[in-house]
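Undergrad: got a sequence here, can you build the structure:
(one chain, ligands or ions: 2)
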Amino acid sequence: MSDRESPTDPYAAEWPDLPLEAGAVEDDPDDIDLLADLASVGEGHRSGFVALIGKPNVGKSTLLNAWLETRLAAVSPRPQTTRNRLLGILTRDDAQVVFVDTPGIHRPRTKLGDYMVDVAQRAIPDADLILFLVDVSHPPTQADRRVADLLMAGAEAPVILVLNKMDAAQPERLEEHADAFRVLGAFAGEATISALNGDGSPELLERVVSLLPLGPRYYPAEQISDQQERFIAAELIREQAMRALRDEIPHATAVVVQEFTERKNGTLYIAANIFVEKDSQKGIVIGKRGAQLKRIGQAARTALQDFFHCKVYVELWVKVRKDWRRKDNLLRQMGYDRRG
Ligand code: GDP
Ligand code: MG
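TA: Residues are numbered from 1 along each chain as shown. Ligands and ions are numbered 1, 2, ... in the order given. Presented below is the predicted three-dimensional model:
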């Protein structure tokens, strides 16, 4: 008798129509590992979804990367670097925290902006806990107020006020700003941290874990994101492009990976298109005699090698798609699909 037929098989009841071929499970060692892994959590294990919400540029992606100890989320000094919902999965013996990094909530001016705000708002009702990130080195702005109102109106989960960038705040101003943020809503708690240098963030993580419900592991222990490797590669390349291009064409770029292949010698070959909106922007991305594109490619290669832990070849092409940020069909081609 195979394991599948045993009365204690938890899957037998859920999927009674599955063909019960003897040996079907045993054939794939990966499946066995996965089942063993999901079953291995002990008593008192906690799990849940934690949404990182806030206006653009307050440090949501920086905090996620710090907790995951990777560069999963694209970070840059430009606002609106994060465009899609991104799950970052932290697995420990006692807990699995599924962080939901979101684009900042802002007043949209393009269809891409619409899409980003929509993505952020949809993360709110699904969360077990919400971290409302703000930049405590400045007083609250209208944008912070809008986000707070949205959370107070729409969130059922507890909301923790996270006063980030304490390292950048003038000490005599910090309390004044903190007070001004505290009155924006009814918060279940607060923390003052620096996502950049790590002050306060390990303690906040422990509190986050303690506030999650008891529950199982939702994802295998080694999985750190729900995104495909291609998407992560595209994000890493886009991050380097945004850094290199600075204020020249802030949000006009999108990156789509065309080819992602592992070669026999263990190297990774990645070919990607960088899309811009105008012919003039194409010239800027390529630079004098290709110098800018070369810089982007080199920086991307370093970031990709760090992330994938292997040698990487990157080939980048620059293409014009007129006004892609304003057109639904082009947005979908770039991976920004509202229905997804
Ligand atoms: P997001 O738009 O909320 O995801 O913000 P990012 O994580 O992309 O960060 C925006 C900018 O703020 C980047 O330049 C970060 O390096 C910077 N930043 C994030 N956290 C901190 C912090 O704790 N202190 C300081 N000084 N800068 C930070
Ligand atoms: Mg971000």
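Undergrad: which other residues reach stretch 140-150?
TA: Stretch 140-150 is touched from outside by 53-56, 105-107, 121, 124, 132, 134, 177, 180-181, 184-185, with contacts defined as C-beta atoms under 8 Å, 6 or more residues apart in numbering. Using the backbone N, CA and C atoms, a C-beta is placed for each residue, glycine as well.
Undergrad: does it come close to ligand 1?
TA: No: using C-beta under 6 Å from any ligand atom, stretch 140-150 stays clear of ligand 1, with a minimum separation of 11.1 Å.
Undergrad: list the buried residues in that stretch.
TA: Judged by neighbour count (16 or more other C-beta atoms under 10 Å), stretch 140-150 contains these buried residues: 140, 143-144, 147-148, 150.
Undergrad: so who does Leu304 touch?
TA: 233, 236-237, 268, 270, 312, 314.
Undergrad: for Met116, report the pLDDT, please.
TA: Looking at Met116, its pLDDT reads 65.
Undergrad: actually Glu222, sorry about that
TA: 76.
Undergrad: separation between it and Val41?
TA: Glu222 is 15 Å from Val41, where distance means C-beta to C-beta, to the nearest Å.
Undergrad: neighbour count for the two, which is higher?
TA: Val41 (19 against 10; other C-beta atoms under 10 Å).
Undergrad: go ahead and confirm that one touches Arg217.
TA: Yes: if you go by C-beta atoms under 8 Å, Val41 and Arg217 touch, sitting 5.3 Å apart.
Undergrad: could you tell me which residues touch both of these two?
TA: Gln96.
Undergrad: okay, now the domains of this structure?
TA: 46-211, 229-333 (automatic domain parsing).
Undergrad: now do the contacts for Phe275.
TA: Contacts of Phe275 (C-beta under 8 Å, 6+ apart): 253-256, 319-321, 324, 334.
Undergrad: quick check: pLDDT value at it.
TA: 89.
Undergrad: can you check the one 4 residues further on too?
TA: The score at Asp279 is 88. That number is its pLDDT.
Undergrad: take the contacts of Phe275 and keep only those in strands.
TA: Of the contacts of Phe275, the ones assigned to strands by DSSP state E are 254-256, 319-320.
Undergrad: how far away is whichever residue of the stretch 1-150 of the chain sits closest to ligand 1 from Gly88?
TA: Residue of the stretch 1-150 of the chain nearest ligand 1, by C-beta to the nearest ligand atom: Gly59 (3.0 Å). According to C-beta to C-beta, Gly59 stands 14 Å off from Gly88.
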